[in-house]
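Please find the sequence and the predicted model below.
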Amino acid sequence: MKRILVLLFFLFSLLSYAQIDNKNFGISFSGFVKTDFIYDTRQTVSLREGHFLLYPQSENLDINGKDINAKSNFNILSIQTRLLGKIIGPESFGAKTSGQIEAEFFGTTEGDINGFRLRHAFVKFDWANTSLLIGQTWHPMFVAEMFPGVVSFNTGAPFQPFSRNPQIRFTYSIENVKFILAALSQRDFQSNGPDGFSSSYLRNAVFPNIHAQVQYSNKGYLFGAGVDYKKLVPRIVTPKKIVTDNSIVSLSAIGYAKLNLNPVTVKTEVVYGNNLADHLMLGGYAVKSINSITLEEEYSPISVFSIWGEISTGKEIELALFLGYSKNMGADDNIAGSYFCRGINIDKLFRISPRIQINSGQSRISTELEYTSAGYGTTVNLNKGKVANAKNLSNLRLLLAVYYFF
């Protein structure tokens, strides 16, 4: 790994000084060093030693009836530290060209924490009114123009979609309107299934995740809506070694708005869809019927409704408040078999997180109080997988972060 890093930095250094036709073509670097100080009042469902928090864990009672997960904990981590390389090149095919490479030390698994992992890697062709992006970057359901500015690395998940995907994205712009069409695969953010979280279910469908979106922006205002289509093939053979090609199709929709009401900025987004576990949201899909002879399965998607909003003001000293709510809406059918979901026994989630950020030169000190409540209950198969008898469990996270930008 060290040799790879040295080689990458050497290569990037050469490229950063490269000149083509005596123009300013090449690569420029930026990024930040960030250290997070984290305290939680409860054990959490999270990634990378608690760094990426989703929601509090459910009750786990010992022999005396005490909740094992009601234990507080803390951590100090610098794994969000990031390096970004922006590339500018000469024209190709009559288009202006650019590219981007970004990586961080978040790792790809718990065992790979501190590992150098790819976040973004794409090339972009820009013509007069159209652009073509090829590579890995944010899924269009993560609206890069208006995501929550929270201090926590979860960036508003699981209340807003969070996923980066290899993709081909076409954008057509006319005056203040953009039309976006994308075809995507999966890599780090994957769907759930019989073999756990994997990209194989989308790959075996032999059809990409398709997304279409329209945006309107004018004088600091942004409005948009999008629809998303995804098809998965969870298994290609049954336990009786019979070939199967049964699939699960899901549709999702988003709507969002950003208002720059100087000196206040307001952002809000609504998501309704199914099978969004790959976006770190509640939901997924479940088996609705099983053929008793072949053991072939048919599936039903689990839907989720989610809404979040944020209000912020200030530059050198920023004050902001984030609110999020998410509801498990269940399936379209009664459930007869396994669930392939995230948080299937959670009825609803709620979060409120105020923050203060102080900026001085290249440095920033941020603090955030993040309260997240999860309603855990019993999943009822004959009630379309909805959750009953929910009990709210909460976690309070105190987060202090120190940044240095370069």
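Alright, I've got the coordinates.

List the contacts of the nearest residue to residue 46 once chain neighbours are set aside.
Of all residues not flanking residue 46 in the chain, residue 53 sits nearest, at 4.6 Å (CB to CB, 6 or more residues apart in numbering). Backbone N, C-alpha and C define where each C-beta goes, glycine included. For residue 53, the contacting residues are 40, 44, 45, 46, 152, 154, 370, 372, 395, 397, by CB atoms under 8 Å, 6 or more residues apart in numbering.

ok, residue 53 to residue 187 distance?
To residue 187, residue 53 is 22 Å away according to CB to CB, to the nearest Å.

In the protein, where is pLDDT below threshold?
Applying pLDDT under 70 to the chain flags residues 1-23.

which residue ranges form the helices in it?
Taking DSSP state H as the criterion, the chain carries its helices at 2-16, 200-204.

Can you pull up the most central residue in the chain?
residue 162 (1.2 Å; CA atoms, centre = their mean).

For residue 181, see how far away it is.
21 Å.

so the residue nearest to the centre of the chain makes contact with residue 155?
Yes. The pair residue 162 / residue 155 is scored as a contact, 6.1 Å apart, by CB atoms under 8 Å.

Provide a list of residues in contact with residue 230.
Applying CB under 8 Å, 6+ apart, the residues contacting residue 230 are 191, 202, 209, 210, 249, 250, 251, 252, 275.

Do I have it right that the second one meets residue 209?
Same thing as residue 202. Yes. Counting by CB under 8 Å, residue 202 does reach residue 209; the two are 6.5 Å apart.

joint contacts of these two?
Taking CB under 8 Å, 6+ apart as the contact rule, residue 202 and residue 209 both touch 185, 186, 230.

and which of those residues is nearest to residue 133?
Minimum distance to residue 133 across the shared contacts of residue 202 and residue 209 is 14.1 Å, recorded for residue 185 (CB to CB).

returning to what we had before: nearest to residue 380 among the contacts of residue 53?
Set against residue 380, the nearest of the contacts of residue 53 by CB to CB is residue 45 (21.7 Å).

What separation is there between that closest one and residue 58?
In terms of CB to CB, residue 45 sits 9 Å off from residue 58.

and what of residue 49?
The spacing between residue 49 and residue 58, counted by CB to CB, is 20 Å.

neighbour-wise, which of those two wins?
In this view residue 49 and residue 58 are compared by other CB atoms under 10 Å, and residue 58 has more residues nearby, 17 against 13.

contacting residues for the closest residue to residue 146 other than its chain neighbours?
Ranked by CB to CB, 6+ apart and with sequence neighbours excluded, the top spatial neighbour of residue 146 is residue 258, at 4.1 Å. With contact set as CB under 8 Å, 6+ apart, residue 258 has these partners: 145, 146, 220, 221, 222, 223, 265, 266, 267.

make it 7 Å
Residues near residue 258 by CB atoms under 7 Å, 6 or more residues apart in numbering: 146, 221, 222, 267.

ok so, going back, redo the shared contacts of residue 202 and residue 209 as JSON lines? Include distance to residue 31.
Shown next, in JSON lines, are the shared contacts of residue 202 and residue 209 (distance: CB to CB, whole Å):
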{"residue": "185", "distance to residue 31": "27"}
{"residue": "186", "distance to residue 31": "26"}
{"residue": "230", "distance to residue 31": "32"}
